[in-house]
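Participant: Sequence plus the predicted model coming up.
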Amino acid sequence: MDILLTNDDGVHAPGLRALEAVLAAEHTVTIVAPDRERTAIGHAITLHQPLRAERVCENGGSAAFAVNGTPADCVKLALLDLLGRTPDLVISGLNRGANVGVNINYSGTVAAAREAALRGIPAIAASIASGAPYPPRQAASFVARLVARLSLRRLPPRTLLNVNFPAVPWEEIAGVRPSRQGLTLFAEYVEKRLDPRRQPYYWQGADTQDFEDDPEVDGAALRRRFITVTPISCDATDYRLLAELGSWDLGPPADG
């Protein structure tokens, strides 16, 4: 397969390079990734400054470009110019830190995969929970097996797979669990401080993410030592409410 690799941890991140090392043995791999860490930037794109892509090379590896933009920028630029072709698959990761539950909405890793899925290209986002005591190459080998499955099966249109690995020794992983996205919010807070000129500023913070007890939810399954695989659709329409809106008697816009 012709595979585009990207991430939000930067072009030199160990997780990205582990994927390259495993996948390049059987596939054509090109890397287009941010030139520095762009964690938690979501699906932001760059509109008010130029994007630049610098060719980089590590130990004679795959073709790679470092982009001074966001993960979504990287995928856009790769598809619109740098690759000169449409890849068979886009993989974003391996991210340092899990992307489950509401974090999916903030994740640059997931956003890069979503950008590909929006354009009709099969995509995978893959992340390893913080503190995992195994090298990223083991998780990369699992992703390679998933790629082999995707060569035989089609993802639904504009759908990506979000994969997360637990932070336990590899031999203690309980298995693989298809799961749904959790929606429990963080216990969040802001810490207000004053600068030397007595002007207020804020640090955002959050406690450890909590999850429902339902073992079918991504975060709960990850906590139970499962590798989670969550299908995510780009279509955010609530079709049940859409069907009801006609009965709301909204009428024409009011004057004024």
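Facilitator: Nice, I can see it. Because the structure is a prediction, the values reported are computed rather than measured. Numbering: from 1, shown residues only.

Participant: Just give me the neighbour total for F186.
Facilitator: 14 (other Cβ atoms under 10 Å). Every residue, glycine included, has its C-beta placed from N, CA and C.

Participant: Correct me if wrong: it contacts N105.
Facilitator: No. Taking contacts as Cβ atoms under 8 Å, F186 lies outside contact range of N105: 11.6 Å.

Participant: Quick one: residues in contact with the host helix or strand of V22.
Facilitator: Element membership for V22, per DSSP states H and E: helix 14-23. With Cβ atoms under 8 Å, 6 or more residues apart in numbering as the test, helix 14-23 has contacts from 3, 5-7, 9-10, 29, 31, 33, 58, 61-62, 91, 93-96, 126, 128, 135-137, 139-141, 143-144, 147.

Participant: Just the buried residues of those.
Facilitator: The neighbour count (16 or more other Cβ atoms under 10 Å) marks 3, 5-7, 9, 29, 31, 33, 62, 91, 93-96, 126, 128, 136, 139-140, 143-144, 147 as buried among these.

Participant: Give me the subset of these lying in strands.
Facilitator: Using DSSP state E, the subset of the buried ones among the contacts of helix 14-23 located in strands is 3, 5-6, 29, 31, 33, 91, 93-96, 126, 128.

Participant: which stretches of the stretch 51-200 of the chain have low pLDDT?
Facilitator: For the stretch 51-200 of the chain, applying pLDDT under 70 flags the ranges 58-60.

Participant: what are the ranges of the strands in the protein?
Facilitator: Per DSSP E, the chain carries strands over the ranges 2-6, 28-34, 53-56, 63-67, 89-96, 123-128, 159-165, 175-178, 188-194, 200-206, 226-233.

Participant: name the helices or strands packed onto the third one?
Facilitator: Read that as strand 53-56. strand 63-67 (3 or more Cβ pairs under 8 Å, 6 or more residues apart in numbering; DSSP states H and E).

Participant: What residues sit buried inside the strand it packs on?
Facilitator: Going by neighbour count (16+ other Cβ under 10 Å), the buried part of strand 63-67 is A64, F65, A66, V67.

Participant: partners of it in the sheet?
Facilitator: strand 28-34 (parallel), strand 53-56 (antiparallel) (DSSP bridges).

Participant: Just want the angle from the helix holding V22 to strand 2-6.
Facilitator: 170 degrees (axes from the mean of the first three to the mean of the last three Cα atoms, to 10 degrees).

Participant: mind listing what's buried in helix 14-23?
Facilitator: Using 16+ other Cβ under 10 Å as the test for burial, helix 14-23 gives G15, L16, R17, A18, L19, E20, A21, V22, L23.

Participant: quick check, nearest of those to T39?
Facilitator: Among those, G15 lies closest to T39 (Cβ to Cβ), at 12.2 Å.

Participant: distance of W170 from G42?
Facilitator: 30 Å (Cβ to Cβ, to the nearest Å).

Participant: Likewise for A220?
Facilitator: 24 Å.
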